[in-house]
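J.: got a structure for you, letters missing:
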């Protein structure tokens, strides 16, 4: 009678076993790459310029880092931009960012009453 360990050793010596293991590994590696790539394929880029250049920028309520002009990667879709600076009227707008594209936006803030530009 053949023991389970001997049966596994005999199976591991066969070519079909190694072919199936190799195929399973390749499918796992390429499958992860495919789904990872599809997730990031929906990203677009926003290149934003503000006047004045030292304004604070929020994208969907999150502070964007960088000095104007700067670029950020965002998911495809509609995003809310908010641009503020002391002494200026708040600037708001909605921006559509398509997949695989760069959108350039310029937000010019208006000085508040009595403030110099």
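T.: Sure, I can see it. Since this is a predicted model, take the numbers as computed values, not measurements.

J.: what's the domain layout of this structure?
T.: For the chain, automatic domain parsing gives the domain ranges 4-40, 43-108.

J.: show me what the mean pLDDT comes to for the first one.
T.: The pLDDT scores in domain 4-40 average 66.

J.: again, but for the last one
T.: On average, the pLDDT along domain 43-108 is 90.

J.: surely residue 110 and residue 88 touch.
T.: Yes. Taking contacts as C-beta atoms under 8 Å, residue 110 lies within contact range of residue 88: 6.5 Å. Where you see a C-beta, it was placed from the backbone N, CA and C, and this is true even at glycine.

J.: between these two, which is the more surrounded one?
T.: Neighbour tally, residue 110 and residue 88, criterion other C-beta atoms under 10 Å: the higher count belongs to residue 88, 19 against 12.

J.: would you map the strands across the chain?
T.: With strands called from DSSP state E, the chain shows them at 43-51, 56-59, 62-63, 70-75, 77-84, 91-97, 102-108.

J.: which strands or helices does the first one pack on?
T.: When you say that, I think you mean strand 43-51. Helices and strands touching strand 43-51, by 3 or more C-beta pairs under 8 Å, 6 or more residues apart in numbering; DSSP states H and E, are strand 56-59, strand 70-75, strand 77-84, strand 91-97, strand 102-108.
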